[in-house]
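Asks: Any chance you can model this:
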Amino acid sequence: MTRSAAWHARIACGDELGAGFLVTGRRLLTCAHVVRQRDRAAVTVAFPHARELGELPASVVAHGGWEGGVTDPGDMAVLELERDVPLAPARFAAPEAAYTEPYPRLIAYGFPEGYDEGTLAEYQAVSGQLIAGEWLELVAWHGHGQPIEEGFSGAAAALPDGTVAGMVTAALGSSPDVRKGRMLPLDVLARHWPELGELVPTPGHRDESRRRLYALLRRAAAEAPGAGDPNRMYVDAVGAFGPPLPPGGFPSLWAAAGYAQWEVPDPEAVDRFADRVTELLDGTPDLSAPTVPDAAAVPAPPDAPAWSPVVVEIDHSGAGPDQVTVEVSAYRDGRRRPVGARRLPRTGVRAWVQGRIDEAVAHLAPDADELVTFVLPREWLNEAVAHWECGADDSTPLGCAYPLVVTDRARHHSGRLRHQLRKKWRKLDAGGGVEVHRVECGTRERPPSLRKRLWEVDAGLAGFAAPPTAARPHFEVGLTVPVPVLLWPRTGAPCAVHGDASCPDTGRADPSPCPGTAFLDQLAVSLAGVPPAELPRHIMSLRMTADAADEPDRHWARDVQLLWDDPRCFPETTASLHSPVA
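Replies: Numbers count the residues shown, from 1 in each chain. As a prediction, the model looks like this:
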């Protein structure tokens with residue numbers, strides 16, 4: 001402990017006595033429970049190494065949300081003096097200094113009963129493992145000496161060179177056999193008070209970048225409080241492979257900036273976040289800032305579609321017939337950004353996906369045209385995903401909230417079909433609408449003949465009169481030939497009115513309409529002149545029309561399913577992004 005550590009402070013509030021430490025000219029950190037009586041008693045601060053300053057009044061200007069329980073998180077408070085004091089504030093160690101092998105000695109300056117001038121205790125971290133995501137556990141450096149007890153709460157846990165590595169919050173025992181305590185490490189302190197991030201040197205991030213960021217945050221707080229979407233600014237700054245948003249996102253720009261500083265290993269992330277804050281404040285890029293190449297920004301191919309997909313991929317887990325793995329991700333700047341992965345029973349997929357889609361949409365650029373894409377095993381392709389509700393509190397069908405398509409998982413990962421489909425889309429982009437190549441219900445066309453027909457006419461869209469289960473061999477032909485768009489009614493059966501004899505090509509005499517034929521007739525009229533690239537939006541409009549009809553179940557488009565497959569939207573499809581989590 002250096003002799004110049006005059007930043008150690010004694011904090012009094014009513015009958016509570018604890019420690020604290022000066023972090024700026026007039027601000028100190030201590031434990032929230034030390035100043036819990038501030039509504040009834042004044043908070044005073046004294047500096048044992050600068051007794052001439054006397055006892056100074058202080059006010060609580062920020063706290064970590066501590067609710068009064070021994071194990072409640074956020075047991076920290078920020079005190080502010082009426083004026084700056086002529087003392088050098090504490091300096092901070094690197095965030096992991098307290099638990100880097102070999103674990104160093106940590107020295108706490110506390111004020112237990114009988115030690116108004118203070119006394120020292122020596123401890124070390126037990127491990128780098130956080131307790132309940134909040135505390136590091138401490139154990140006495142030796143089996144004897146001063147234990148951590150009342151009066152040490154709020155003390156800086158300082159390294160032998162005098163730099164601060166955390167703050168002591170609690171004693172866990174003071175018997176001869178048990179001398180333990182807890183401390184909040186620097187990253188947790190900064191989580192509760194983001195402004196601390198400016199003071200802590202963070203490996204991988206330049207000091208000037210950190211200072212620039214926090215200066216901009218202070219400016220934003222003064223000039224545009226509450227402006228900006230911290231979640232989107234974070235996603236934009238960290239790029240495609242940065243850590244995803246934490247559950248619930250960020251409550252403020254300060255919290256998002258701190259997360260970029262503490263959790264993102266990319267050394268340019270802080271600069272990019274600062275650039276986004278500058279754009280928020282000035283409306284233009286900060287041309288005076290150092291130019292930082294955005295490694296995550298990838299120029300889109302010249303023929304890339306405008307869609308920004310949110311992808312829900314479902315696959316068999318191998319853990320049992322009812323277990324599947326589900327991955328949700330978002331595509332931005334041509335890169336796939338994971339949002340979540342989970343192993344689930346089939347019955348649990350719907351509820352889990354509902355929450356993840358909202359998270360994934362937050363990763364997209366503000367002006368992006370979202371496209372929700374379900375990549376499904378073949379036996380799931382007829383699943384009513386367009387009818388799934390947006391969430392527990394929003395009954396809007398997903399297919400009425402977003403352009404929504406499905407695609408076959410095996411086809412999505414087939415190198416041959418991806419290559420052939422890219423070539424097909426280049427041709428489709430040059431034209432207008434596409435012809436509906438019909439696969440009638442009860443058709444007697446052999447599957448190899450259908451394959452030949454679709455190849456010869458270079459089909460861009462195939463319409464099926466019945467669900468996949470009713471014409472499985474023909475439907476599988478549609479999946480294995482590079483036809484970019486397949487449409488079918490999700491419900492019904494071939495010739496449900498008349499049986500096989502009712503098919504149009506049997507020469508039946510009964511004039512009653514075949515539902516499958518009626519579906520294809522309506523489909524051909526509805527899609528006339530619609531460019532294939534716009535079909536997801538067009539089908540969404542049809543779904544909304546059907547949902548709003550007086551008799552929704554009788555509307556021909558009520559259960560239309562759209563398989564729409566443009567591999568240019570999904571440039572990376574070769575590997576799973578996450579190991580499934582049980």
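
Asks: From the chain's centre, how far out is the helix or strand bottoming out on mean pLDDT in the chain? Work that out for me.
Replies: Lowest on mean pLDDT, DSSP states H and E among the helices and strands of the chain sits strand 335-345, with a mean of 80. From the chain centre to the centre of strand 335-345 is a distance of 10 Å (Cα atoms, centre = their mean, to the nearest Å).

Asks: From the contact counts, what lies against that strand?
Replies: strand 323-332, helix 346-361 (3 or more Cβ pairs under 8 Å, 6 or more residues apart in numbering; DSSP states H and E). For the C-beta atoms, the positions are set from N, CA and C on the backbone; glycine is no exception.

Asks: Leaving out the residues flanking it, which one is nearest to the residue nearest to the spatial centre of the chain?
Replies: Nearest residue to the geometric centre of the chain (Cα atoms, centre = their mean): residue 245, 2.8 Å. Distances taken as Cβ to Cβ, 6 or more residues apart in numbering place residue 231 nearest to residue 245, at 5.8 Å, with adjacent residues excluded.

Asks: ok so the one you found is a strand residue?
Replies: No: the assignment for residue 231, made by DSSP: H, G, I helix; E, B strand; the rest coil, is helix rather than a strand.

Asks: Quick check: the gap between it and residue 541.
Replies: Distance, residue 231 to residue 541, using Cβ to Cβ, to the nearest Å: 29 Å.

Asks: Residue 139 now?
Replies: Residue 139 is 65 Å from residue 541, by Cβ to Cβ.

Asks: next one: residue 238
Replies: In terms of Cβ to Cβ, residue 238 sits 35 Å off from residue 541.

Asks: of the two, who's got more company?
Replies: Taking neighbours as other Cβ atoms under 10 Å, residue 238 and residue 541 compare with residue 238 leading, 26 against 14.

Asks: Quick check: pLDDT value at that one.
Replies: On pLDDT, residue 238 comes in at 81.

Asks: Isn't it up against residue 267?
Replies: No: Residue 238 is beyond contact range of residue 267, at 11.8 Å (criterion: Cβ atoms under 8 Å).

Asks: In contact with the residue nearest to the centre of the chain, which residues?
Replies: Residue 245 is in contact with 231, 234, 235, 339, 359, 362, 363, counting by Cβ atoms under 8 Å, 6 or more residues apart in numbering.

Asks: got the contact list for the fifth one?
Replies: For residue 359, the residues meeting the contact criterion (Cβ under 8 Å, 6+ apart) are 244, 245, 249, 328, 339, 340.

Asks: Can you check the pLDDT for the third one?
Replies: Spelled out, it's residue 249. pLDDT, residue 249: 80.

Asks: my guess is it meets residue 230, correct?
Replies: Yes: Residue 249 is within contact range of residue 230, at 7.2 Å (criterion: Cβ under 8 Å).

Asks: Is the residue lying closest to residue 565 once chain neighbours are set aside bridged to anything, and to what?
Replies: Distances taken as Cβ to Cβ, 6+ apart place residue 407 nearest to residue 565, at 4.8 Å, with adjacent residues excluded. Counting by DSSP bridges, residue 407 forms beta bridges with residue 375.

Asks: Verify the contact between residue 407 and residue 373 for me.
Replies: Yes: between residue 407 and residue 373 there is a contact at 6.4 Å, judged by Cβ under 8 Å.

Asks: More neighbours: which of the two?
Replies: Between residue 407 and residue 373, counting by other Cβ under 10 Å, residue 373 is the more crowded of the two (27 against 24).

Asks: ok so the more buried one is a helix residue?
Replies: No: according to three-state DSSP, residue 373 belongs to no helix; its state is strand.

Asks: can you pull the pLDDT of it?
Replies: In this model, residue 373 carries a pLDDT of 96.

Asks: Let me know the secondary structure of residue 210.
Replies: From three-state DSSP, the assignment for residue 210 is helix.

Asks: can you give me the helices for this structure?
Replies: 186-192, 207-223, 230-238, 253-263, 269-282, 346-361, 398-401, 409-412, 415-430, 447-456, 472-480, 515-527, 535-548 (DSSP state H).

Asks: who does the longest one touch, helix- and strand-wise?
Replies: To tie it back to what came earlier, the one meant is helix 207-223. Secondary-structure packing of helix 207-223 (3+ Cβ pairs under 8 Å, 6+ apart): helix 253-263, helix 269-282.

Asks: Dump those into TSV; add mean pLDDT, distance to residue 518 and mean neighbour count as well.
Replies: Below are those laid out as TSV (pLDDT from 0 to 100; distance: least, Cβ to Cβ, whole Å; neighbours: other Cβ atoms under 10 Å):
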stretch	mean pLDDT	distance to residue 518	mean neighbour count
helix 253-263	88	53	23
helix 269-282	87	53	22
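
Asks: Reformat those into a markdown table and put distance to residue 134 next to each item.
Replies: Listed next are the helices and strands packed on helix 207-223 as a markdown table, based on distance: least, Cβ to Cβ, whole Å:
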| stretch | distance to residue 134 |
| --- | --- |
| helix 253-263 | 15 |
| helix 269-282 | 25 |
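
Asks: Tell me which of these lies nearest to residue 51.
Replies: With respect to residue 51, and counting by Cβ to Cβ, the nearest of the helices and strands packed on helix 207-223 is helix 253-263 at 35.8 Å.

Asks: right, and residue 198 touches residue 212 too?
Replies: No: counting by Cβ under 8 Å, residue 198 does not reach residue 212; the two are 10.1 Å apart.

Asks: Give me the neighbour count for the closest residue to residue 50 other than its chain neighbours.
Replies: Using Cβ to Cβ, 6+ apart and skipping residues adjacent in sequence, the residue nearest residue 50 is residue 6, 5.1 Å away. Using other Cβ under 10 Å, residue 6 has 18 other residues around it.

Asks: How about residue 237?
Replies: 25.

Asks: got the contact list for it?
Replies: Shown in contact with residue 237 (Cβ under 8 Å, 6+ apart): 260, 269, 272, 273, 275, 276.
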